[in-house]
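S.K.: need a 3D model of the sequence below.
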Amino acid sequence: MVVLNRIYTRTGDDGTTALGSGERRPKYDLRVAAYGTVDETNAAIGAVRLHLADSPDVDAMLGRIQNDLFDLGADLAVPEREGKAERLRMLASQVERLERDIDSLNDQLAPLTSFVLPGGTPASTYLHLARTICRRAERMMVELAARPDEPVNAAGIQYMNRLSDFLFVASRFLNNKGAGDVLWVPGQNR
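M.R.: The predicted structure is shown next:
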């Protein structure tokens, strides 16, 4: 259980922050940026949920995703190290659940005939914004994983890859199951 009695500690006033392991890193460190961008994805999803009064199933899916994103942030905040006690880690089962949710929504959509532009309903538009933030977080995680001595849980990277797919499919679903999608027309404004 997490208990936060005091919000400010002043320990970050020197431009550093503590990882979950207690190790201090500069606030611009790629690991800190990666879990910060996961948090940004979560906040964007929170904005989407304000528009889902008529879509309780999608809202419930997004609620589970928000919790997963906190798990992912905790995973990233404590790098795996030999001989250290295991902490909260993303699991393949979370990726699999996300895949099932993607399939359940996508099965109700007509096939795409063009790329989709962000737009349509407010919820759909915000899902596209969340998708682009999610992709940025994924790129940061992949870059971090490519560095020596910077382990990143493969399930976390897979989760973010699937999450961007989920956000895209959910955006189409919330655009009247794709009927309200705004489609790209190549060369339209030449």
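S.K.: burial measure for the residue nearest to residue 25 when sequence neighbours are not counted, as a count.
M.R.: Nearest non-adjacent residue to residue 25, counting by Cβ to Cβ, 6 or more residues apart in numbering: residue 32, 5.7 Å away. For every residue, glycine as well, the C-beta is placed using N, CA and C. The number of residues packed near residue 32 is 19, by other Cβ atoms under 10 Å.
S.K.: give the contact list for residue 130.
M.R.: Contact analysis of residue 130 by Cβ atoms under 8 Å, 6 or more residues apart in numbering lists 41, 44-45, 47-48, 167.
S.K.: if we can go back for a sec, correct me, but the residue nearest to residue 25 touches residue 17?
M.R.: Yes: counting by Cβ atoms under 8 Å, residue 32 does reach residue 17; the two are 5.8 Å apart.
S.K.: from residue 155, how far off is residue 88?
M.R.: 12 Å (Cβ to Cβ, to the nearest Å).
S.K.: sorry, slip of the keys, the one I care about is residue 181.
M.R.: 31 Å.
S.K.: neighbour count: those two, which is higher?
M.R.: Neighbour totals were compared for residue 181 and residue 155, and residue 181 leads with 22 against 18 (other Cβ under 10 Å).
S.K.: ramachandran angles for the more buried one?
M.R.: The phi/psi pair for residue 181 (degrees, to the nearest 10) reads phi -60, psi 140.
S.K.: from now on call the first residue 28
M.R.: Fine by me, first position is 28 from now on; the one you just mentioned is residue 208.
S.K.: contacts only, for it.
M.R.: Residues near residue 208 by Cβ under 8 Å, 6+ apart: 143, 147, 199, 202.
S.K.: for residue 139, same thing?
M.R.: Here residue 139 is in contact with residue 205 (Cβ under 8 Å, 6+ apart).
S.K.: so where's this structure shaky on pLDDT?
M.R.: For the chain, applying pLDDT under 70 flags the ranges 28-31, 38, 109-113.
S.K.: tell me where it has strands.
M.R.: Ranges of strands in the chain, per DSSP state E, are 43-45, 51-53, 143-144, 209-210.
S.K.: for this protein, which helix is longest?
M.R.: What stands out as the longest helix in the chain, according to DSSP state H, is helix 149-172.
S.K.: all set, thanks.
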